[in-house]
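J.: no FASTA, just this:
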């Protein structure tokens with residue numbers, strides 16, 4: 001599992017900043033504020049994503065994408081659980097795969113493998129199968145909101 005400490009935080013922080021988010025690094029062993037799944041998974045509160053060096057990159061991106069897909073006025077109210085919408089969940093999964101290509105040393109292939117290893121579940125049995133053949137709803141949802149990166 002690729003972790004934030006394995007890629008460094010500067011590129012991740014810059015990527016999140018492009019979307020109006022802040023990455024706050026938590027000291028090793030310290031609790032991660034706003035972590036839905038518990039440590040070492042990333043946490044979200046407002047427009048801030050919290051992570052440690054042992055936070056999986058897929059978790060960092062997924063939680064960030066939950067905030068990215070929300071309208072700015074909803075972001076401020078987020079604490080730990082960013083959505084109750086299947087459409088937003090799917091959009092977050094799709095967007096995190098796209099954004100993985102913008103992080104040096106990550107890329108979509110590695111991220112999808114880590115998503116499968118972590119236990120993301122999709123109807124077609126793998127993240128790649130879902131992304132390539134079953135994610136039309138997520139693409140449509142993101143495109144309608146101007147969230148598909150160029």
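T.: Arrived safely. Since this is a predicted model, take the numbers as computed values, not measurements.
J.: return the set of buried residues in the longest helix along the chain.
T.: For the chain, the helix with the greatest residue count under DSSP state H is helix 86-100. Residues 88-100 are the ones in helix 86-100 that count as buried (16 or more other C-beta atoms under 10 Å). All C-beta spots, glycine's among them, are computed from the backbone N, C-alpha and C.
J.: counting by contacts, list what that helix packs against.
T.: Under the contact criterion of 3 or more C-beta pairs under 8 Å, 6 or more residues apart in numbering; DSSP states H and E, helix 86-100 touches helix 57-68, helix 107-118, helix 127-133, helix 136-144.
J.: just name the shakiest helix or strand of the protein by mean pLDDT.
T.: One helix or strand of the chain scores below all others by mean pLDDT, DSSP states H and E: helix 72-75, with a mean of 87.
J.: show me what that helix is packed up against.
T.: Packing partners of helix 72-75 (3+ C-beta pairs under 8 Å, 6+ apart): none among the helices and strands.
J.: in contact with the residue nearest in space to the middle of the chain, which residues?
T.: Central residue check for the chain by C-alpha atoms, centre = their mean: the C-alpha nearest the mean position is that of residue 62, 1.6 Å away. Listed by C-beta atoms under 8 Å, 6 or more residues apart in numbering, the contact partners of residue 62 are 42, 92-93, 96.
J.: check residue 103 too.
T.: 7, 11-12, 15, 57, 61.
J.: confirm it sits in a strand?
T.: No. Under the criterion used here (DSSP: H, G, I helix; E, B strand; the rest coil), residue 103 is coil, not part of a strand.
J.: so it versus residue 31, what's the distance?
T.: Distance of residue 103 to residue 31, computed by C-beta to C-beta, to the nearest Å: 25 Å.
J.: now the buried residues of helix 86-100 in TSV, with pLDDT and distance to residue 136?
T.: Converted to TSV, the buried residues of helix 86-100 look like this (pLDDT from 0 to 100; distance: C-beta to C-beta, whole Å):
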residue	pLDDT	distance to residue 136
88	92	16
89	92	15
90	94	10
91	95	12
92	96	16
93	96	13
94	97	10
95	97	15
96	97	17
97	97	14
98	97	15
99	97	19
100	98	20
